[in-house]
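1. Sequence and predicted structure are below.
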Amino acid sequence: MPPRIWRRLFARLPMARSTRAYEFGLERLPTLPPGPVLDIGAGQGYGAAYLSRALAPRPVVSVDIELGCLKPARLEAGPVPPRFVLASATHLPFATDTFALAVAVMTFHCLPQPERVFREVFRTLRPGGVFLLADVDGHHWMARPFEVVEHLFISPLTRAYTPETLTALAREAGFAATAVHRRPGKERGFMQWFVARKAGALGD
Ligand SMILES: C[S@@+](CC[C@H](N)C(=O)[O-])C[C@H]1O[C@@H](n2cnc3c(N)ncnc32)[C@H](O)[C@@H]1O
């Protein structure tokens, strides 16, 4: 079966509709400058809809290389519904210094050119803007089985990054401050929430 079919089948799983990783991440953010929000990897759109409710009235733009899984009619959006744009994280079609927050939940592991993605996110964030990346921690014992399953069914690009690699990528791209958060208990460190901030405006 081609990977696209598997992607659609995986999208039917309840966990693919969960917004918990978004919620946990937003609770750990530093103060944001004013401005719109970028969601990278729209999937079915539940995360973007959640952001449009949780961060209302900030406009939310969500990009994906494939918008076939979107379920716009099922989404509970905020007062300003998210806008979905067909684009790759490697070439963001937005002006420099646009966003207050960029979010990538369970997306970074399948992106090509991770250095380029970090540079694009850095470019499109405003001074003081924040990049929130929630994904599988490359140190976790489940990271390798996760990669194998993803390689077989979803994407040959999948790679679970360690916090050290993310920190190096963030520094290289120009980010000033970084932090890593984990949710104790449930998934025992399987997920990491990586936060990087672009210097400026808010005091550094
Ligand atoms: C596992 S889904 C995550 C969806 C959503 N963020 C969530 O947590 O529910 C990953 C998404 O990343 C998208 N994606 C893959 N490569 C991409 C790229 N280069 N640029 C933008 N999105 C990409 C896939 O099409 C897929 O919809």
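-> That came through, no problem.

2. contacts and neighbour counts: CA atoms only from here.
-> Noted.

3. Following element in sequence after the helix or strand of the chain with the lowest mean pLDDT, please.
-> None of the helices or strands of the chain scores lower by mean pLDDT, DSSP states H and E than helix 3-10, at a mean of 65. Sequence order places helix 20-27 as the next helix or strand after helix 3-10, per DSSP states H and E.

4. distance between the helix or strand just after that following helix and the chain's centre?
-> With elements assigned by DSSP H and E, the helix or strand that comes after helix 20-27 is strand 37-40. With CA atoms, centre = their mean, to the nearest Å as the basis, strand 37-40 stands 7 Å off its chain's centre.

5. Which elements pack onto strand 37-40?
-> strand 60-64, strand 99-105 (3 or more CA pairs under 8 Å, 6 or more residues apart in numbering; DSSP states H and E).

6. want to throw those into JSON lines with distance to the ligand and mean neighbour count?
-> Shown next, in JSON lines, are those (distance: least, CA to the nearest ligand atom, whole Å; neighbours: other CA atoms under 10 Å):
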{"stretch": "strand 60-64", "distance to the ligand": "4", "mean neighbour count": "24"}
{"stretch": "strand 99-105", "distance to the ligand": "4", "mean neighbour count": "25"}
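
7. Columns mean pLDDT on top of those, output as a markdown table?
-> Shown next, in a markdown table, are these (pLDDT from 0 to 100):
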| stretch | mean pLDDT |
| --- | --- |
| strand 60-64 | 98 |
| strand 99-105 | 98 |
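
8. got these as TSV, with distance to V149 columns?
-> Putting those into TSV (distance: least, CA to CA, whole Å) gives the following:
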stretch	distance to V149
strand 60-64	22
strand 99-105	19
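
9. Out of these, which gets nearest to F24?
-> Across the helices and strands packed on strand 37-40, F24 has its closest neighbour in strand 99-105 (10.9 Å, CA to CA).

10. Quickly run through the sheet partners of that closest one, with directions.
-> strand 37-40 (parallel), strand 125-136 (parallel) (DSSP bridges).

11. for the protein, which spans come out with low pLDDT?
-> Within the chain, the ranges that satisfy pLDDT under 70 run 1-16, 186-187, 202-204.

12. Which segments of it make up each domain?
-> If you go by automatic domain parsing, the domain ranges for the chain are 1-82, 142-204.

13. Let me have these in JSON lines, extended by distance to L101.
-> Shown next, in JSON lines, are these (distance: least, CA to CA, whole Å):
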{"stretch": "domain 1-82", "distance to L101": "5"}
{"stretch": "domain 142-204", "distance to L101": "9"}
